[in-house]
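A.B. asks: here is the input, now give the coordinates:
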Amino acid sequence: MTAFTPFHPGHDGLAKDASRYVDVASLPWKPTPTPGIEMKVLMQDDASGLLTALFRWQPGTQLPLHEHVEVEQTYVLEGSIVDDEGEVREGDYVWRPKGNRHLARSPGGALVLSFFLKPNRFLEGEHAGKELK
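C.D. replies: This is a model prediction of the structure:
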């Protein structure tokens, strides 16, 4: 069984099978490699790549071409995310299979909850070859 990083206050010393409660409002927004997109990490396992996070997209932000190394799931809380395959709007959900490649943008901004089995890999731009972390 994978050991999860106890990076939230109060998670150190918990039994491996104990629930982890996260005070999301008190978590800081941290920058991502893409200007205009910030994230709050809710759960992360560095060993496997598993990540659950809130992402806040500023209006007009574009995420460069990237590949989903494993399944990625996103639920849109506010706004919308658009790519060449379609648009996912507030209250809607999209999942992308392993190997999916796309550019994503948010013309009006967005707040999304995303679940990654492994980090995305950037394919273009200054972060080409790097993972979303």
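A.B. asks: next, the buried residues of the lengthiest strand in the chain.
C.D. replies: Criterion DSSP state E: the longest strand present in the chain is strand 72-83. For strand 72-83, burial by neighbour count (16 or more other Cβ atoms under 10 Å) applies to E72, T74, V76, G79, S80, I81, V82, D83. C-beta coordinates here come from the backbone N, C-alpha and C atoms, glycine included.
A.B. asks: touching, the third one and A104? I think so.
C.D. replies: In this case it means V76. No. With contacts counted by Cβ atoms under 8 Å, V76 stays clear of A104, the gap being 11.6 Å.
A.B. asks: same for the longest strand of the chain, what does it pack against?
C.D. replies: Of the remaining helices and strands, those touching strand 72-83 by 3 or more Cβ pairs under 8 Å, 6 or more residues apart in numbering; DSSP states H and E are strand 51-57, strand 86-89, strand 93-96, strand 101-106, strand 110-116.
A.B. asks: got a list of contacts for it?
C.D. replies: The set of residues external to strand 72-83 that reach it, using Cβ atoms under 8 Å, 6 or more residues apart in numbering, is 54, 57, 87-96, 100, 102-117, 120.
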